[in-house]
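> show me the folded form of this:
(2 chains)
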Amino acid sequence: MLPRLLIFDDVFGRNVPDGRNTHRENLCGHFVWRDITDDAAARASRSPATKPVAEAVFCRAQTPACAKVGDTVENDLEGALETVRSGWPDAKSGIPWSLVLLDLCFYTGRVTEESHRQTAGMPEARSSDDDPRSYFGLTLLDAIHREFPELPIFILSSKPREEVSLEFSRRGALGFIARDDLRGPELLQEALWQHGLLPDADGLVAGNSLPLLLALREARRAARHGQNVLIRGERGTGKELLARYLHRTVGKKDRPFVPVNSAGFTETMFASELFGIEPKTATNVEGKTGLIEEANDGDLFLDEIADMPAEVQAALLRVLQDRQITRVGGRKGKPVDVRFLSATNVEIEAKELGFREDLLDRLRLGGTVSLPPLRERKGDIPILAEQFAREAEKARPGALRRDIAPEAMECLLAHDWPGNVRELRTCIFDAVNRQPDVEHLVAQHLRIEGQAAAPAAARPAGKRRAQAQPVPVGENEIAGLLARFKTCEFPAKDIGKWAGQLHDLQCEHAWLLARYLQAALDATKRRTPEAPEGQIQIHPAVKLITGDSSLTASKAADIVKRLLKPLESELTGDLAAAYAVAVKLRPHSARRTSREPG
Amino acid sequence: MWQRRRNRVNHDWLKITFIIQLGALWNLATAKRVTDRELIGSCETALREWNEHRAEARRLIETFRIEESPKALFSIPPLSNCDEETKSWLPDYIHQHWLTTHPVETWIQDALSAWKEADERAGKLHATLEQSQSKADALAVCVNEFRHSVSALSDAISRFPSRQLI
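Below is the predicted model:
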């Protein structure tokens, strides 16, 4: 997809009675744009000889757009603003302006025989038009910037820059390109790359919504000098796709891209996988190239960095400081040139996580990019749903190509997608897999998880607690309990005995696990003279109940959240405190598994 | 009047029209897809455009010394009301003073050199067009030289002061 420019200019934007605007044709030829303005001049113009670098929509910002001898040309601020609105991401067209280019001086007044002979459709001009203090372009700049503060605006003019440099900066323009500058096309490309709202041209990070385009721009800016970038975002927002976008877009396209899921390794594996293993003939230890070495000259994508063990953090810090790695079991360092693109879905600065600040600073040297959750970029759902439908049809042999019916799209748009893009993808794939032989994807085909569920909120608070008082677990009682769970059946013939008990079963099950956690919290409390009652510690408590001593703090928080979420509205005391700590640590983690890639 | 003429030559023609036209021509000349015929047609159009305006550009440069000299102020009120005796010596004196206070000759000579350079590049482009064999590469070189020289001419004209100096 090409960037789309909106150009306000009286000469280049005007429509000409005989249909051809040679000024505009030449400008498009000079900058190598494809003119897609909806007017006769665009229809009459030739395509650029080379592959266009952008699409251009021209607007005169004056009435009439096509002036004849005898007409009076006047500036049209409201009409110009309407044109901007028509291509803003919220508009129905869905294709946003990447950048706006503004002329400064707009000639007004009567179109005379003489002015028309010199330039068709142009008026003879009023003296105030050419006064830098009252350029209409600056008025237009004010108005556009006020209504669309995120829209990047550049001045494209033949007037002397110094006349207006202070004014255009004050009013929100990002720069000035002299129209007659021979380097103009390069300058504009640079401006587009640096400031433009550009969708991913390869469509890998699909979408046109403003939050996404701003994130892509931030990512380009952060990575432009080859520095490390930290990507934040909830699970399923597509952090790895963004890393791949940076890899393709910012300088390392033909170099290696090595993705690493930090959550997938144990502490010992982590070091050997990242740094490699030095071969040892004496002990028959085989050598292994580490992932950092594999990524040499390219990018290493470190997902879920919060799960990185402390020892590995220290070793990674040394790599970043010394720009060399030492294999496990090795002594000599080997120089490496790797850009680290890291990702996390937790508040990694939180003290409780214990992530090294010095390492974090190095991992985000270029900057931090936040990927918006899907609920904040719902405008992208139609594009994404179409894309996933095509992928799913391709993956399912014999599946028909289908349209997404409007009511199905409404369902998709109404959902908040806590699992983000990944959840949407799963939903569409599921619909296509279950209904391969249809030409329309309708609302009934969609199984949108959680849309009807309202776990804790619908439950009357306190009702469950009134039924029975817990009793301490006896010797071998857990084994008995588990055995009972495994063997308990619900025979169809006794339907009257067990029907309608789902809610109570869920409640009791949740409370059983909550009490299990409570016991562990009690057992692992840290008691100090300042807090003789003890302070809860969720990390050791969850290690205790899972029996997993290598469990990371973030995973422990995920487990606490998962256990207590159904009881959220009823929690008190230590359990309420534990839940609050877990939510603070993992505000955006999904409900299911902590091992899913982000 | 001179400033208005300059605006017409430099802004309306060179900057808004001709330099951009040559930029488009340059892209055409370097495009692989374009045929010699298309390229030749566009070069001829550009040369016609130059020939149509070259004299006006030169005249603009040459008339600066007369039209923008403060001496010209003596032909309009209030200075035109000076007595004849004063008018017999003061305008020439002021003119000489203007020539020595400001780099008038440098502005003019620089602009004339730039004009001459552009005109020569136009001539070279014309000569290359006249040759009969396939010439896309040669034309591309000429177009590039021509557009740079025209851009330099525009810069030189821009360096003249934007108001009448005394």
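> could you use CA atoms for every contact and neighbour count after this?
Noted.
> could you pick out the longest helix of the chain?
Chain wasn't specified; assuming chain A. Ranked by number of residues, the top helix in chain A under DSSP state H is helix A:502-523.
> hm, I was asking about chain B
In chain B, taking DSSP H as the definition, the longest helix is helix B:36-67.
> tell me which helix or strand of the chain sits lowest on mean pLDDT?
The chain I'm using is chain A. Among the helical and strand segments of chain A, the one scoring lowest on mean pLDDT, DSSP states H and E is helix A:495-498, with a mean of 70.
> wait, chain B
Using mean pLDDT, DSSP H and E, helix B:84-101 stands out as the lowest-scoring helix or strand of chain B, at a mean of 89.
> buried stuff in it?
Within helix B:84-101, the residues scored as buried using 16 or more other CA atoms under 10 Å in any protein chain shown are B:87, B:91, B:95, B:98.
> what residues does the residue nearest to A:Asn75 when sequence neighbours are not counted make contact with?
For A:Asn75, ignoring the flanking residues on the chain, the nearest one in space by CA to CA, 6 or more residues apart in numbering or on different chains is A:Gln62 at 4.2 Å. By CA atoms under 8 Å, 6 or more residues apart in numbering or on different chains, the contact list for A:Gln62 reads A:10, A:73-77, A:79-80.
> phi, psi of A:Gln62?
phi -140, psi 160 (degrees, to the nearest 10).
> mind listing what's buried in the longest helix of chain A?
A:507, A:510-511, A:514, A:517-518, A:520-522.
> A:Pro96 touches A:Leu6, doesn't it?
No. Counting by CA atoms under 8 Å, A:Pro96 stays clear of A:Leu6, with 9.8 Å between them.
> which of the two has more neighbours?
A:Pro96 (26 against 22; other CA atoms under 10 Å in any protein chain shown).
> contacts only, for the more buried one.
Applying CA under 8 Å, 6+ apart, the residues near A:Pro96 are A:4, A:87-89, A:197, A:208.
> any idea which of the residues you listed the model trusts least?
Ranked by pLDDT, the contacts of A:Pro96 bottom out at A:Pro89 (64).
> point out the residues in chain B that sit beside chain A.
Neighbours of chain A within chain B, by CA under 8 Å from any CA of the partner chain: B:11, B:15-17, B:19-28, B:31-34, B:148, B:151.
> just give me the neighbour total for the residue of chain B found nearest chain A.
Proximity of chain B to chain A (CA to the nearest CA) peaks at B:Ala24, 3.8 Å away. Other residues within reach of B:Ala24 by the criterion other CA under 10 Å amount to 22.
> gap between it and B:Asp36?
Per CA to CA, to the nearest Å, B:Ala24 is found 15 Å from B:Asp36.
> contacts for stretch B:24-34 next, please.
In contact with stretch B:24-34 (CA under 8 Å, 6+ apart) are residues A:26-32, A:49-50, B:39, B:42-43, B:136-137, B:139-140, B:143-144.
> residues in contact with the residue of the stretch 101-250 of chain A found nearest chain B?
As assessed by CA to the nearest CA, chain B sits closest to A:Asp180 within the stretch 101-250 of chain A, at 5.2 Å. A:Asp180 sits next to A:158, B:15-16, B:19-20, B:151 when contact means CA under 8 Å, 6+ apart.
> so which of these is the most crowded?
Using other CA under 10 Å as the neighbour test, the contacts of A:Asp180 are led by B:Ile20, with 29 neighbours.
> surely that one touches A:Leu27?
Yes. B:Ile20 lies in contact with A:Leu27 (CA under 8 Å); the separation is 5.8 Å.
> contacts for stretch A:184-199 next, please.
Stretch A:184-199 has contacts (CA under 8 Å, 6+ apart) with A:1, A:3, A:30-32, A:96-99, A:151-152, A:177-178, A:205-208, A:210, A:213-214, A:216-217, A:220-221.
> next, work out how far apart the residue nearest to A:Ile348 when sequence neighbours are not counted and chain B are.
For A:Ile348, ignoring the flanking residues on the chain, the nearest one in space by CA to CA, 6+ apart is A:Ala306 at 6.3 Å. According to CA to the nearest CA, to the nearest Å, A:Ala306 stands 51 Å off from chain B.
> same question, A:Asp494
Distance, A:Asp494 to chain B, by CA to the nearest CA: 81 Å.
> number of nearby residues for that residue?
By other CA under 10 Å, neighbour count at A:Asp494 equals 9.
> also A:Arg179?
22.
> assess the claim that it and B:Ile16 are in contact.
Yes. Between A:Arg179 and B:Ile16 there is a contact under CA under 8 Å: 7.4 Å.
> what residues are shared contacts of those two?
Shared contacts of A:Arg179 and B:Ile16, defined by CA under 8 Å, 6+ apart, comprise A:Ser158.
> domain ranges for chain A?
For chain A, automatic domain parsing gives the domain ranges A:4-195, A:210-372, A:375-445, A:464-585.
> isn't A:Asn15 right next to A:Asp39, touching?
Yes. Under the criterion of CA under 8 Å, A:Asn15 makes contact with A:Asp39 at 7.0 Å.
> what stretches of chain B score poorly on pLDDT?
Scanning chain B for pLDDT under 70 picks out B:132-134.
> ok, 80 please
B:32-34, B:132-135, B:164-166 (pLDDT under 80).
> residues contacting the spatially most central residue of it?
The structure's chain B has its C-alpha centroid closest to B:Ala57; by CA atoms, centre = their mean the separation is 4.1 Å. Applying CA under 8 Å, 6+ apart to B:Ala57 gives the contacts B:9, B:115.
> so what's A:Leu2 closest to, chain neighbours aside?
Setting aside the residues directly before and after it, A:Leu2 is nearest to A:Ala54 in space (CA to CA, 6+ apart), at 5.2 Å.
> now do the one you found against B:Glu84, distance only.
In terms of CA to CA, A:Ala54 sits 65 Å off from B:Glu84.
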